[in-house]
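*Asks:* here you go, sequence then predicted model.
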Amino acid sequence: MRLVRRFRGHRLRWGVVVALLLFVALIPPLAGLNESLNPDASSRFQIFLGTSALVLALWAVSYNLMLGYTGMVSFAHAAYYGVGAYTVALIFKRYHLPILVGLAAAPFAAAAVGLITGLVAQRAVRLYFSLLTLAISQLLFSIVFSWYDFTGGDNGISITLPDQLNDYTTLYYFTAAVVGVCLLLMFILVRSPFGAALLSIRENRQRAASIGINVKAYELAVYTIAAVFAGVAGGLFVMYQQQAYPEMLYWTANAQPVVVSLLGGTTTFLGPAIGAFIYVVLDNSIAKQFPYQFDIILGAIVLGVVLAVPGGISDVPSVFLRLRERFRRGDVDAEAQPAESTGEAIRMFDVSKALATGAIQAEEVRSGQTLLRIEHLSRSFGGLRAVEDVSLEVKQGDRHAIIGPNGAGKSTLFNLITGQLKPNTGKVIFDGRDITGKAPHVIARTGIGRAFQITTIFPKLTVRKNLQYAMLAHRGYTVRPFGIADRMFSAEAQDLAEAVGLGAWADLPAGQLSHGDQRAIEIAISLALGSKLVLLDEPTAGMSAYETDKAMELVRQLATERHLTLLFCEHDMAVVFSTARTVTVMHQGRVLTAGTPEQIRRNPDVQKVYLGELEQEELGA
Amino acid sequence: MTPGQLLLFTVGGLANAAYLFIVAAGLSLVFGALRVINMAHGSLYMIAAFVTVVIANQVGAGLGFWAGLLVAVAATGAIGGIIEVLVLRRVYGREHLIQLLGTYAVSLVIAGGVRIAFGANYRTVASPIPGHIDVGGYSYASYSLFMIAAAIVIAVGVWAMLYRTNLGRNIRAAVADPDLLNATGVNVTRLYTTVFVIGAGLAGLGGAIVAPSQAIGSSIDTDVLVLAFAISVIGGLGSIVGSGVGALIVGMVVSFGLVIPATSPFALAFVFIIMTAVLIVRPRGLFGLPEN
């Protein structure tokens, strides 16, 4: 059933592409036909509108590369569009070079400006990133607006195209070809492992970094790439409008690609392109007669999309589906519930399957050698010494538990090891390399996988993609801007999903699963990395006793058979003493003692500071 | 530069800072308590400016202006209440993008409505406080001095509201931890509406006060919004003191940027250079709290 549906979706998608191509190809002949039937209609004008829709489509799709695929909101995108436009206009008018030289230079100019300003904008994150792009955009606008001698100031620059391009139909097909090539390039990019990295960043920056993705570098790359295509769009704009003007760079100009993307849907690649055609049609039917009402209608549409249909027009069918489902079931809250998963996954953990999968690889064990060495590590927050002078060693193949009461510094220690925090003093040596204070993605790539205490997964991606993208990122494939990411490691990810009992739900968005199942994904991601060392921060937090047993059995067996080294912290003493071979006890940021579970059990100090208060009966001491 | 010129440009800068502070304080107050950037803030300012101009011109300068100001502030406060209930309540705690787009949509609707109601032409109104004061060979419009005084009164009023009333205490508590405040029995939903109405009212007050000093057109919404952003960012989003300092910086830069002929076209560019520098060196602004 699911297969059939997916196949249909596939056909539908290609149907949309073919229909769009046909539509684009047929606009000039249809406009001509329309003119011959209806003498009032001007085919020239309609072809002109078609050209403007194509350029808008390119501009909007390039914006959506940031918005829809990486989750960045930029107010400076119009500035790069403007830079492209001015590049073409200036090269043609001022330096008297052929217009196509200008068009070829536009993406480079936009890339240069985009890269430099992007580097600046990246100094801030999220909302402050957006505000910084606003400042940059207004700065560029002010320069263009005020520099009369070079840019013509508020008059802008007008050009007259050479004769061979000054024919509306030729220009239309030329624009269509350039836009088509650009869209194809962007499509290849978003399907590639590089695109997978972008989606990971949009979904969860912290998880993206801890599977080995250099978040800032990818964001800068996509910001610059988006600027490149915006530059091309701006160049094409000058060719059919025959002018460039400063308002193209004004910050409010960014609203157009955003609204267009929303209209068509930000979650699909071609959504913004379809939105562009809808926008141009609306703009020239309603806006021509009722210019002021058009603003209101546009506002109402944006509001409707934001509040009711987050996916845009292309998401409308799913809204109807949801409504119908609600109506049929009479169940208003149906949507709010996790869809199908019931927390069964852990019960279905399949250890033999996990052992068979090729996804989890580790080098041959050199048992007894030190894999991770921590030397005199300290970190304080203000006056609070969260971790103080901690030294410990984790041997290859060991299963090492860190225990201690709340506030003992366990999670801080983990964050110091994996780079979320930087230590004040001390060293972290992993596999012979000094990784002290390195960025999380660098540390992840050296071979440390991590499961977080608070579930950190990609909620809107399917379970399989969660695992696939982790495998791609960790192996360094995400630098590739070609190839189809979803076909890579697909079988391995399915194996791993089955191993943690999620095989049946591999095609469901991870965020729809129950808490226990999401913990299973969390553990699976940390295993999918094929890391030598796996850090588990309270891996079974929130699981039932039964689920905990099953999950830890899986972890234990995998560690043994696959030569993984485990470092975990856990409150459940039963889990600790059944799994660990070495135990380190932390108290108030310091290491109290370390030893075998048996030694720890008998240590009177440990009983006093920690176990004594809490769990003495459990130890039978 | 002579001392007379220095005074002239300083007063000019203060007058700029005065109305910009009133607008930015509203934007910043709303951001501090509600964590929402209100893209429709400039639109409320524009509505108030038009309402004031129309009423003042109908009733006649002087009394008409004051009546217009009262109606404008009441109207923008009421519109703010409607926006909060209908739109903002549905976007609290969601991504910044959704909040930006939701309030942007509102600004589009208002922009269309204003153009239908008032047309696209620029409008002006006579100053309710005519005359000027001559000092050192330069004359100063009395109304500019009134604007500066009004901004100081409003600054003190907002400060007293925040630090001397129960409402202000609740607002500050909401900034720190809305869930905890809710648990103590304060109706946070109603508090948010109140804060947004006050923020909208401040936008309206700014628009009404600026009306006699500028030509009012249908694009003043985005022009003032971007400056209010710059001020809030420089001073620190959510900080009233920051809005004051930010407004002074922006007002002075715009005023003195015009002094030197070579830089005068780029006066506004300096504002955004400062904004960029602040965001890079200290993203939370001069007086802002770090974002959790």
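*Replies:* Ah, there it is. Residues are numbered from 1 along each chain as shown, chains lettered A, B, ... in the order given.
*Asks:* model confidence over the longest helix belonging to chain A, on average?
*Replies:* Counting by DSSP state H, the longest helix found in chain A is helix A:2-37. Per-residue pLDDT over helix A:2-37 has a mean of 76.
*Asks:* could you say what helices and strands it packs with?
*Replies:* Counting contacts by 3 or more Cβ pairs under 8 Å, 6 or more residues apart in numbering or on different chains; DSSP states H and E, helix A:2-37 packs against helix A:43-70, helix A:168-191, helix A:271-289. Any C-beta I mention is one placed from the backbone N, CA and C, and that applies to glycine too.
*Asks:* and A:I523, which of these is closest to it?
*Replies:* Across the helices and strands packed on helix A:2-37, the minimum distance to A:I523, taken as Cβ to Cβ, is reached by helix A:43-70, at 27.0 Å.
*Asks:* who are the packing partners of the helix or strand following that closest one?
*Replies:* Under the assignment DSSP states H and E, the closest C-terminal helix or strand after helix A:43-70 is helix A:77-93. In terms of contacts (3+ Cβ pairs under 8 Å, 6+ apart), helix A:77-93 is packed against helix A:43-70, helix A:99-121, helix A:126-146, helix A:148-151, strand A:157-158, helix A:215-241, strand A:243-244, helix A:255-264.
*Asks:* switch the cut-off to 7 Å
*Replies:* The contact analysis (3 or more Cβ pairs under 7 Å, 6 or more residues apart in numbering or on different chains; DSSP states H and E) places helix A:77-93 against helix A:99-121, helix A:126-146, strand A:157-158, helix A:215-241, strand A:243-244.
*Asks:* before we move on, the earlier item: centre of the chain versus the longest helix of chain A, how much separation?
*Replies:* Here helix A:2-37 is found 30 Å from its chain centre; the criterion is Cα atoms, centre = their mean, to the nearest Å.
*Asks:* repeat for stretch B:66-80
*Replies:* Mean C-alpha position of stretch B:66-80 versus that of the full chain (Cα atoms, centre = their mean) differs by 14 Å.
*Asks:* follow-up on the earlier one: ok, which of the helices and strands packed on helix A:77-93 comes nearest chain B?
*Replies:* Closest to chain B of the helices and strands packed on helix A:77-93, according to Cβ to the nearest Cβ: helix A:126-146, at 3.5 Å.
*Asks:* quick check: mean pLDDT of that closest one?
*Replies:* 90.
*Asks:* and for stretch A:80-98?
*Replies:* Computed over stretch A:80-98, the mean pLDDT rounds to 94.
*Asks:* same thing with stretch A:288-301?
*Replies:* In the prediction, stretch A:288-301 has an average pLDDT of 82.
*Asks:* and for that stretch, what are the contacting residues?
*Replies:* Residues from elsewhere that reach stretch A:288-301, judged by Cβ atoms under 7 Å, 6 or more residues apart in numbering or on different chains: A:259, A:263, A:286-287, B:105-106, B:108-109, B:111-113, B:115-116.
*Asks:* for the residues you listed, which one is nearest B:A183?
*Replies:* For the contacts of stretch A:288-301, the minimum distance to B:A183 (Cβ to Cβ) is 30.9 Å, reached by B:V106.
*Asks:* any idea how many residues pack against A:Q588?
*Replies:* 14 (other Cβ atoms under 10 Å in any protein chain shown).
*Asks:* quick check: closest non-adjacent residue to it.
*Replies:* Distances taken as Cβ to Cβ, 6 or more residues apart in numbering or on different chains place A:A408 nearest to A:Q588, at 6.6 Å, with adjacent residues excluded.
*Asks:* these two touch, right, B:V253 and B:L268?
*Replies:* No: contact criterion Cβ atoms under 7 Å: B:V253 and B:L268 do not qualify, at 8.6 Å.
*Asks:* give me every residue in the stretch 151-292 of chain B lying close to chain A.
*Replies:* B:222, B:226, B:229, B:233, B:265-266, B:268-269, B:272-273, B:275-276, B:279-280, B:283 (Cβ under 7 Å from any Cβ of the partner chain).
*Asks:* what residues of the lowest-mean-pLDDT helix or strand in chain B count as buried?
*Replies:* Taking mean pLDDT, DSSP states H and E as the measure, chain B has helix B:178-183 as its least confident helix or strand, at a mean of 84. By neighbour count on 16 or more other Cβ atoms under 10 Å in any protein chain shown, the buried set for helix B:178-183 is B:178, B:181.
*Asks:* that one: how far from the chain's middle?
*Replies:* Relative to the chain's own centre, helix B:178-183 is displaced by 28 Å; criterion: Cα atoms, centre = their mean.
*Asks:* does it pack against any helices or strands, and if so which?
*Replies:* Here helix B:178-183 touches helix B:166-176, helix B:188-210, going by 3+ Cβ pairs under 7 Å, 6+ apart.
*Asks:* quick one: contacts of the first one?
*Replies:* Applying Cβ under 7 Å, 6+ apart, the contact partners of helix B:166-176 are B:32-33, B:161-162, B:181, B:186, B:188, B:191, B:194-195, B:238.
*Asks:* next: stretch A:110-129.
*Replies:* For stretch A:110-129, contacts defined as Cβ under 7 Å, 6+ apart pick out A:72, A:76, A:80, A:83-84, A:132-133, A:136, A:216, A:219-220, A:223-224, A:227-228, A:230-231, B:37, B:96, B:276, B:279-280, B:283.
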